[in-house]
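Peer 1: structure of the sequence below:
(one chain, ligands or ions: 1)
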Amino acid sequence: MEPILTINNLTKKFGSLTAVKDLSFTINKGNVYGILGPNGSGKSTTLGIVLNVVNKSTGDFQWFDGNTTTHDALKQVGAIIERPNFYPYMTAEQNLKLVCKIKGVDYSKIDEKLNVVGLLDRKDHKFKTYSLGMKQRLAIASALLNDPEILILDEPTNGLDPQGIHQIRQIIKDIAATGTTILLASHLLDEVEKVCSHVVVLRQGVKLYSGRVDEMISSHGFFELKAEKHQELLDLLETHSNFGNVKLEDGLITAFLNEPMSASDFNKLMFDKGILLSHLVKRKESLEEQFLQLTDNQEN
Ligand SMILES: Nc1ncnc2c1ncn2[C@@H]1O[C@H](COP(=O)(O)OP(=O)(O)OP(=O)(O)O)[C@@H](O)[C@H]1O
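Peer 2: Below is the predicted model of the structure:
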């Protein structure tokens, strides 16, 4: 496996607040990674550090094989960590020409990248006439102009309507299918499930889980769960054939998942009953526990 980004024991403090704590993970070439966590869990801070816009406190990170400086490595990184910002009275094409000049990229890339994001037929329209979704797609086209090794996106579907969300997710998948590595931050489990192959789950700056998305919840084993609608959750688990050994102790429910279950089926089950989990811990083995925090996954 070819490493794109390796993060080792990274910590970031803002005064007395620890935004990222002792975080380690590796991004390998060709995969789609999500950093998943509720607001304030340290996602943007982590992205900011590896993109050199936020200073780390302690720990380390290295791009690629570690033989390139961060400054040089970032020339092979496309990133969108802010709201798309282009000249409003210039067309999409004119805006991208400016980006090409700054990045030293040939204009011939413009049509190619506008095509990737489905904006080729709108390239003569002024940026200010674009919808939010189109603005985000233009930002993606812009980030792709120099054919980056990795595309980094912070909350790529925030504020978009369902159609806009669907389009952006599909575009990300299309880009990934061409071999570009993707790293996106999201507070939506749904987004990570639909788009990502791998995930790093953060809560209050601490890594709770990292690994494949499909292994996050799908394999059978013991779970600890908590929800406000306590009784409903108990009833659901007790009557559902795929759960056994359901117990309640000190407000914490434990259950055994008899058969593998996809994360989306699991969430649908909870969602249909109106149950919002505040805590879900999967006990993979008795000694090694893997934690998942799904607190705000269904609020949107
Ligand atoms: N420049 C800063 N100064 C002080 N505190 C900060 C600064 N930037 C972030 N923080 C704090 O660090 C913590 C992590 O913030 P961060 O933005 O990384 O979280 P996040 O997971 O990206 O959440 P969100 O989706 O809300 O941006 C938060 O408590 C935030 O208030």
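Peer 1: can we go C-alpha only for contacts and neighbour counts from here?
Peer 2: Noted.
Peer 1: quick one: mean pLDDT over stretch 45-59.
Peer 2: Stretch 45-59 shows a mean pLDDT of 97 in the predicted model.
Peer 1: and if you look at stretch 14-33?
Peer 2: Mean predicted confidence for stretch 14-33 is 96.
Peer 1: near the ligand, which residues of the stretch 1-150 of the chain are found?
Peer 2: F14, A19, G37, P38, N39, G40, S41, G42, K43, S44, T45 (CA under 6 Å from any ligand atom).
Peer 1: who's in contact with stretch 102-114?
Peer 2: For stretch 102-114, the surrounding residues in contact (CA atoms under 8 Å, 6 or more residues apart in numbering) are E93, L96, K97, C100, L120, K123, L138, A141, S142, L144, L145, N146.
Peer 1: pLDDT score for D72?
Peer 2: At D72, the pLDDT value in this model is 93.
Peer 1: from the ligand, how far out is it?
Peer 2: Distance of D72 to the ligand, computed by CA to the nearest ligand atom, to the nearest Å: 24 Å.
Peer 1: phi first, then psi, for that residue.
Peer 2: Main-chain dihedrals, D72, degrees, to the nearest 10: phi -70, psi -40.
Peer 1: for it, give its distance to Q62.
Peer 2: From D72 across to Q62, the span is 12 Å (CA to CA, to the nearest Å).
Peer 1: more neighbours: the two, which one.
Peer 2: Using other CA atoms under 10 Å, the more surrounded residue of D72 and Q62 is Q62, with 19 against 10.
Peer 1: quick check, that one in contact with L5.
Peer 2: Yes. Assessed by CA atoms under 8 Å, Q62 is found in contact with L5 at 5.8 Å.
Peer 1: for the chain, which helix is longest?
Peer 2: helix 162-177 (DSSP state H).
Peer 1: quick one, strands of this structure?
Peer 2: Along the chain, counting by DSSP state E, strands occupy 3-14, 17-28, 32-36, 58-63, 77-80, 150-154, 181-186, 198-203, 206-212, 221-227, 243-249, 252-257, 277-283, 290-292.
Peer 1: to I165, which of the ones you listed lies closest?
Peer 2: strand 181-186 (12.5 Å; CA to CA).
Peer 1: tilt between that closest one and strand 150-154?
Peer 2: Computed with axes from the mean of the first three to the mean of the last three CA atoms, to 10 degrees, the direction of strand 181-186 lies at 10 degrees from that of strand 150-154.
Peer 1: which residues of the stretch 101-250 of the chain score low on pLDDT?
Peer 2: For the stretch 101-250 of the chain, the stretches with pLDDT under 70 are 216-221.
Peer 1: since that was my last question, I'll sign off now.
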